[in-house]
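Asks: what shape does this take:
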Amino acid sequence: MSNNPADDYPSTAAFTPTSRFLVALSSFRAMHLRDPSSPTTAADEPAPAPAPGASTPSLRYHSTLELYARKLSALSTVDALRRGPGEALLLAAASQHVRRWERPRKDYAEGLSGYKMWRTALNKFHADIAHDVMRQAGYVEDDEGDAELFGRVRDLLLKKTLQRAPLPEREDELKDPEAHLFEDAVCCTFLHLEFTQFASSFAGDRDKLVRLVAKTWAKMGPLGRGVAVQELVGKLGDEERQVVLDAVKGAGAAAA
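Replies: As a prediction, this is how the structure comes out:
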């Protein structure tokens, strides 16, 4: 077996990995391995060579995000999505939050307006990196098919086609089911990897935490909510689980 997981990358019914896709995936992996929050990686050090079992918080995030993208696709009621994530969705998943440490939240103003500016800047930053990685891997901007792929990856990362809450109860009633599947995968990854630590930062303001979780829940479609309830919420600690349940109850009341 190869030392580079990209060489053993699993196909889906919708997409068989190409050599240029695997080159792009390897480039993203090298970036994820440079996550300075890892105790074995410093930001000013050369990127380490990919090795079996090598991991960083960034790499774990993206592995988990792709896992949920594949899981949600398998559960989808939309035929095109049930065949598995396509090339654009897989590339977007690989570049979501890539090199996020280069755009820290502290560089933006406190409060909601500063947060929104930071998120908008991050989305563009990730989309620009994805574009450059794809181009360097052999995707051609002037090719009609590739140009469409460039645009789709960018749209997914910029979240251009997401509908505002309340969302329809049926997945096939969404205007862009793939974009919402991607958002659901992002939200599930947050619950899986980050929520417990996130919740601990609101120890003195439970009501605010409940409101924030309710906003996350409102962004999720039926697929993501189903996976969250069946596989994630029950694994949280008692306090965190009750926060989510209270948020879900509040989100339901607001939508009624």
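Asks: residue 237: neighbour count?
Replies: Other residues near residue 237 come to 11 when the count uses other C-beta atoms under 10 Å. Placement of C-beta: from N, CA and C, glycine included.
Asks: scratch that, residue 183
Replies: Neighbourhood size, residue 183 [other C-beta under 10 Å]: 21.
Asks: next one: residue 143
Replies: 11.
Asks: and for residue 246?
Replies: Neighbour tally, residue 246, other C-beta under 10 Å: 17.
Asks: who's in contact with it?
Replies: Counting by C-beta atoms under 8 Å, 6 or more residues apart in numbering, residue 246 makes contact with residue 210.
Asks: could you do residue 168 as well?
Replies: residue 174.
Asks: any idea how far it lies from residue 237?
Replies: Taking C-beta to C-beta, to the nearest Å as the measure, residue 168 falls 32 Å from residue 237.
Asks: quick one: residue 220 from residue 244, how far?
Replies: Here the criterion is C-beta to C-beta. By it, residue 220 lies 12 Å from residue 244.
Asks: wait, residue 216 sits on residue 189?
Replies: No: at 11.5 Å, residue 216 does not count as touching residue 189 under the criterion of C-beta atoms under 8 Å.
Asks: who has more neighbours out of the two?
Replies: When residue 216 and residue 189 are compared for neighbours, residue 189 comes out ahead with 25 against 19, by other C-beta under 10 Å.
Asks: host element of the most centrally placed residue in the chain?
Replies: Geometric centre of the chain, nearest residue: residue 186, 3.6 Å, by C-alpha atoms, centre = their mean. For residue 186, the host element (DSSP states H and E) is helix 177-189.
Asks: likewise for residue 74?
Replies: Residue-wise, residue 74 maps onto helix 57-75 under DSSP H and E.
Asks: low-confidence stretches in the protein?
Replies: Where the chain drops to pLDDT under 70, the residues are 1-7, 38-54, 252-256.
Asks: now do the longest helix seen in it: distance to the chain's middle.
Replies: Of all the segments of type helix in the chain, defined by DSSP state H, the longest one is helix 111-137. Centre-to-centre, helix 111-137 and its host chain are 13 Å apart (C-alpha atoms, centre = their mean, to the nearest Å).
Asks: ok, now stretch 189-198?
Replies: Computed by C-alpha atoms, centre = their mean, the chain-centroid distance of stretch 189-198 equals 12 Å.
Asks: over to stretch 169-184?
Replies: Computed by C-alpha atoms, centre = their mean, the chain-centroid distance of stretch 169-184 equals 15 Å.
Asks: mind checking the end-to-end distance for it?
Replies: 14 Å (C-alpha to C-alpha, to the nearest Å).
Asks: so which bits of it are buried?
Replies: Residues of stretch 169-184 classed as buried by neighbour count (16 or more other C-beta atoms under 10 Å): 171, 174, 177, 178, 179, 180, 181, 182, 183, 184.
Asks: want to try JSON lines for the residues you listed, with distance to residue 71 as columns?
Replies: Shown next, in JSON lines, are the buried residues of stretch 169-184 (distance: C-beta to C-beta, whole Å):
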{"residue": "171", "distance to residue 71": "14"}
{"residue": "174", "distance to residue 71": "18"}
{"residue": "177", "distance to residue 71": "15"}
{"residue": "178", "distance to residue 71": "15"}
{"residue": "179", "distance to residue 71": "17"}
{"residue": "180", "distance to residue 71": "15"}
{"residue": "181", "distance to residue 71": "10"}
{"residue": "182", "distance to residue 71": "13"}
{"residue": "183", "distance to residue 71": "14"}
{"residue": "184", "distance to residue 71": "10"}
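Asks: helices or strands up against the longest helix of the chain?
Replies: helix 19-32, helix 87-95, helix 144-158 (3 or more C-beta pairs under 8 Å, 6 or more residues apart in numbering; DSSP states H and E).
Asks: which one of those is the most hemmed in?
Replies: helix 87-95 (a mean of 24; mean count of other C-beta atoms under 10 Å).
Asks: give me the distance between it and the centre of its chain.
Replies: Distance of helix 87-95 from its chain centroid, counting by C-alpha atoms, centre = their mean, is 9 Å.
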